[in-house]
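J.: need a structure here:
(2 chains)
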There are 2 protein chains.
Amino acid sequence: VWDPGGVSQDMEKERETLQAWKERVEHELDVVVAFWLEHSHDQEHGGFFTCLGRDGQVYDDLKYVWLQGRQVWMYCRLYRKLERFRRPELLNAAKAGGEFLLRYARVAPPAKKCAFVLTRDGRPVKVQRTIFSECFYTMAMNELWRVTGDAQYQSEAVEMMDQIVHWVREDPSGLGRPQLPGAPAAESMAAPMMLLSLVEQLGEADDELAGSYAELGDWCARRILRHVQRGGQAVLENVSEDGEGLSGCLGRHQNPGHALEAGWFLLRHAVRRGDPKLRAHVIDKFLLLPFRSGWDPDHGGLFYFQDADGLCPTQLEWAMKLWWPHSEAMIAFLMGYSESGDSALLNIFYQVAEYTFRQVSAASWSQRCGGDRRHGTPPPSPPRRTCSLSRSESSWKSRPWCPLFSQESGPCPTGAYIWCWWDRL
Amino acid sequence: VWDPGGVSQDMEKERETLQAWKERVEHELDVVVAFWLEHSHDQEHGGFFTCLGRDGQVYDDLKYVWLQGRQVWMYCRLYRKLERFRRPELLNAAKAGGEFLLRYARVAPPAKKCAFVLTRDGRPVKVQRTIFSECFYTMAMNELWRVTGDAQYQSEAVEMMDQIVHWVREDPSGLGRPQLPGAPAAESMAAPMMLLSLVEQLGEADDELAGSYAELGDWCARRILRHVQRGGQAVLENVSEDGEGLSGCLGRHQNPGHALEAGWFLLRHAVRRGDPKLRAHVIDKFLLLPFRSGWDPDHGGLFYFQDADGLCPTQLEWAMKLWWPHSEAMIAFLMGYSESGDSALLNIFYQVAEYTFRQVSAASWSQRCGGDRRHGTPPPSPPRRTCSLSRSESSWKSRPWCPLFSQESGPCPTGAYIWCWWDRL
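T.: Predicted coordinates for the structure are as follows:
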């Protein structure tokens, strides 16, 4: 049937649907930012409260360094990119957060190792023997430089980046992890994935840096791609240092949200490199594959964890549906559609977005209390009184990129999360 | 109404009910022991496989030191205490497990620090900066001595006990935990609780040791009792080193199964000390109080975690019903009834036992996959293929006493768990 009018009508309808989603996301973003502006700023000690109940109550005054860094990054990004957020209070709060990080994040300056969590007044509570606090520190500093032009921030960012690269590629001993004879020589996908996101962050506004990190970006991409295993049928979280599969639960561990997140980092990399073959491979293996195996066919939503042999994951929370993997999926499929024009990817975006917004708005209580189990049933009511919301450490610890902020705080951050990619459509 | 015949009939009925439960528990024990005898022995490298599916499949060959120690302890205990288990294969397996521990548990002998988990052939994979691997090592060695009479085992047990006491009461630096200025000077209930159980274990068969540990037992009891806070209305997992409440999630954290477990350790202590006032206090604060606040009024079962202010706990798995807190509860209430004759405690035992056996037999699949959420609904079916069973590290790590063995392996260990206390009725 020759029906150019029909095709045009379809396109018009699609544009309208997308526009409606864009407005919905913008609204979410506004609600989220207003919430964090109102409740999270610590006027007395600086930095941000990161453990807030749905009513804004500070249920714990610990300050997680990941979240301090993310909030600084997000405020700067909003200030820089969206007219309606170009407000002094965002910029000043970002700078105050940056000062808090500069003063307190490092455990024993001038050494660069950062704490994982600080007391309200900045004393280290816990140190993780990983690179992730430092990665969020770097992202925050780089954005502060871009928004203020103050070179001190950028030199902080670049020096920390050099340190992270050294730990990952040269010598991890500075992280403090003991070398045990039985510990498997495993590589988790998280390290090259986070490094790749830093390569993009630091290279965005600095061609010279982009050039000097080009080889690093390629290296990260190669390392991430090695996590496609089993004849291309599974993305595994952990592989050996030679890129082979590992035995046991560690070797079978899968995290669909993480694979999707790696997917959109790789997609951005493929676009920067002008590599359509890589782009197609990434869409196939890091978008479609984790979505197909990770999506719950009965009740919808992405599982938190899976086992590549179909065994039961050992983590009690494996079948829960958390907000963040759905945010990763929305970004990844929107970006995949934007880069490829394949409407199958757009349809998956719709599927995930409808599920997520339905669960988050109708069952936000549930999600935030970890109660949004597989069935999306009403959450358990709290044992006593009102169930405040809570950061779930076990979940957001594996979240390297979430800009706003902790998992269960206040209005769902999904809107904010996907905002900054929307303009690529 | 004067009805001595009626009273006697009631007593007769109660005896019958108890006898029926005893037989049910004995049957569970037989099934569990047969399963572990068949599937868990590593004939090649020694020690025990501790990660078994419900069909006996070894889904991971890592060897957790806690579980090696528990299995040795349990085999010895069964051999020593029950005629039908006085079989060479149990004794030989216990000795082989003991040899594995002697050879591999310590990370850098002669230093006493033990690994948390070993490879199949005994190389350390991970070390925890706590005392618990060493506690289970001690329990295993002490039972081996009692069953074999070999003094080497007992000197191993006593030397390790001395080391643990030194870490807890004198100087924790040997555990390797870094001293951070912001880390709260908190005491978890777990350390004095485990020490108290060791005091009982080592003192049971050695009057001289019992005498030399008497002061330590009293110290442990005092430390545990300080966890009753808020005017006697809550048992908190963590208090300050001065025995005061702490702020934040850490300070509000509650674990009903843990409180009940501390309860029966304390109850045994009160009986040894001949202290009826302490006994009554323990029944009130460590049995009835955690049961009342921890039991789900809507769907039955004990919550895994709670927040003393009724906020939502930050652990995603907080509302799940795991088998082990129910085992603790059954032991505690049976023991409480046995020591006090209060039939209200026996009725709670029945309530917990009926819930537990119903959930474990009808929904064992679910429990073992972490799927037995609050509603006891059928578990999520696994993403692909059959859902094998799995050790849930996040759960059993907080289990210091479970004799048989890992949480989700094979037939439910509840029967075995409560067996060894049954003869006190």
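J.: For the residue nearest to A:His166 when sequence neighbours are not counted, which three-state class applies?
T.: Excluding its sequence neighbours, the residue lying closest to A:His166 (CB to CB, 6 or more residues apart in numbering or on different chains) is A:Gly174, at 7.7 Å. Glycine gets a C-beta too; all of them are placed from N, C-alpha and C. Of the three states, A:Gly174 takes helix according to DSSP: H, G, I helix; E, B strand; the rest coil.
J.: Give the burial count for A:Gly174, as a bare number.
T.: 14 (other CB atoms under 10 Å in any protein chain shown).
J.: show me what contacts it?
T.: The contact partners of A:Gly174, taken as CB atoms under 8 Å, 6 or more residues apart in numbering or on different chains, are A:111, A:113, A:163, A:166-167.
J.: In three-state terms, how would A:Pro297 be classified?
T.: Under three-state DSSP, A:Pro297 comes out as coil.
J.: how near is it to A:Val7?
T.: Distance of A:Pro297 to A:Val7, computed by CB to CB, to the nearest Å: 32 Å.
J.: The lengthiest helix in chain A: which residues count as buried?
T.: Using DSSP state H, we find that the single longest helix of chain A is helix A:4-39. Under the neighbour-count criterion of 16 or more other CB atoms under 10 Å in any protein chain shown, helix A:4-39 has A:18, A:21, A:25, A:28-30, A:32-33, A:35-36, A:39 buried.
J.: Check stretch A:132-149 too.
T.: Of the residues in stretch A:132-149, A:132-148 count as buried by neighbour count, 16+ other CB under 10 Å.
J.: so what's the residue lying closest to A:Val65 once chain neighbours are set aside up against?
T.: Closest residue in space to A:Val65, ignoring its immediate chain neighbours: A:Ser133 at 4.3 Å, by CB to CB, 6+ apart. A:Ser133 makes contacts with A:65-66, A:69, A:105, A:114-116, as judged by CB under 8 Å, 6+ apart.
J.: Strands of chain A, start to end?
T.: A:51-52, A:58-60, A:63-64, A:117-118, A:124-126, A:186-188, A:228-229, A:234-235, A:238-240, A:253-254, A:306-307 (DSSP state E).
J.: okay, those strands, which one's buried deepest?
T.: Ranked by average neighbour count under the criterion mean count of other CB atoms under 10 Å in any protein chain shown, these are headed by strand A:63-64 at a mean of 28.
J.: So which elements touch it?
T.: On a contact count with 3 or more CB pairs under 8 Å, 6 or more residues apart in numbering or on different chains; DSSP states H and E, strand A:63-64 meets strand A:117-118.
J.: Could you rerun that using 6 Å?
T.: Using 3 or more CB pairs under 6 Å, 6 or more residues apart in numbering or on different chains; DSSP states H and E as the contact test, no helix or strand touches strand A:63-64.
J.: so what strands line up beside that strand?
T.: Looking at strand A:63-64 with DSSP bridges, its partner strands are strand A:117-118 (antiparallel).
J.: what's the closest non-adjacent residue to A:Leu302?
T.: Distances taken as CB to CB, 6+ apart place A:Pro325 nearest to A:Leu302, at 4.4 Å, with adjacent residues excluded.
J.: what residues are up against that neighbour?
T.: A:256-257, A:302 (CB atoms under 6 Å, 6 or more residues apart in numbering or on different chains).
J.: which of those tops the neighbour count?
T.: Busiest of the contacts of A:Pro325 [other CB under 10 Å] is A:Leu302, holding 27 neighbours.
J.: Test for you: state the pLDDT assigned to it.
T.: Looking at A:Leu302, its pLDDT is 95.
J.: is it in a bridge, and if so with what?
T.: Applying DSSP bridges, one finds that A:Leu302 bridges with A:Trp295.
J.: Touching, it and A:Pro256? I think so.
T.: Yes. Using CB atoms under 6 Å, A:Leu302 is in contact with A:Pro256, at 5.0 Å.
J.: Give me the below-cutoff pLDDT ranges for chain A.
T.: A:1-5, A:360-425 (pLDDT under 70).
J.: rerun at 80
T.: Counting by pLDDT under 80, chain A shows low-confidence ranges at A:1-7, A:53-55, A:359-425.
J.: For the stretch 51-200 of chain A, which residues are neighbours of chain B?
T.: Counting by CB under 6 Å from any CB of the partner chain, the stretch 51-200 of chain A comes close to chain B at A:59-60, A:119, A:123-125, A:180-183.
J.: now the helices for the stretch 201-350 of chain A?
T.: A:207-212, A:214-225, A:248-252, A:256-273, A:276-282, A:289-294, A:323-340, A:343-362 (DSSP state H, counting those that start in this stretch).
J.: Same list, those helices, but as TSV with distance to B:Gly53 please.
T.: Below are these laid out as TSV (distance: least, CB to CB, whole Å):
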stretch	distance to B:Gly53
helix A:207-212	50
helix A:214-225	31
helix A:248-252	12
helix A:256-273	23
helix A:276-282	35
helix A:289-294	21
helix A:323-340	27
helix A:343-362	32
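J.: out of those, nearest to B:Glu12?
T.: In terms of CB to CB, the element of the helices of the stretch 201-350 of chain A nearest to B:Glu12 is helix A:248-252, at 51.2 Å.
J.: does any bit of the closest one sit next to chain B?
T.: Yes. Applying CB under 6 Å from any CB, one finds helix A:248-252 touching chain B at A:248-249.
J.: Not counting that helix itself, show me its contacts.
T.: Contacts for helix A:248-252 (CB under 6 Å, 6+ apart): A:238, A:245, A:307-309, A:314, B:60.
J.: just the residues you listed now: which is nearest B:Ala234?
T.: The nearest one, if we look at these relative to B:Ala234 and count by CB to CB, is A:Thr314, at 31.0 Å.
J.: Could you tell me how many residues sit around that closest one?
T.: By other CB under 10 Å, neighbour count at A:Thr314 equals 28.
J.: Could you check how far it is from B:Tyr59?
T.: 9 Å.
J.: Same question for A:Leu180.
T.: 22 Å.
J.: can you check A:Pro109 too?
T.: Distance, A:Pro109 to B:Tyr59, using CB to CB: 45 Å.
J.: A:Gly98 too?
T.: Taking CB to CB, one finds A:Gly98 at 47 Å from B:Tyr59.
J.: do the same with A:Leu322
T.: According to CB to CB, A:Leu322 stands 24 Å off from B:Tyr59.
J.: Count the residues that sit near the nearest residue to A:Ala308 once chain neighbours are set aside.
T.: Closest residue to A:Ala308 apart from its sequence neighbours, by CB to CB, 6+ apart: A:Arg252 at 4.4 Å. Using other CB under 10 Å, A:Arg252 is surrounded by 23 other residues.
J.: for the one 3 residues further on, same thing?
T.: Neighbour count of A:Asn255, defined by other CB under 10 Å: 27.
J.: Fine by me, we can end here.
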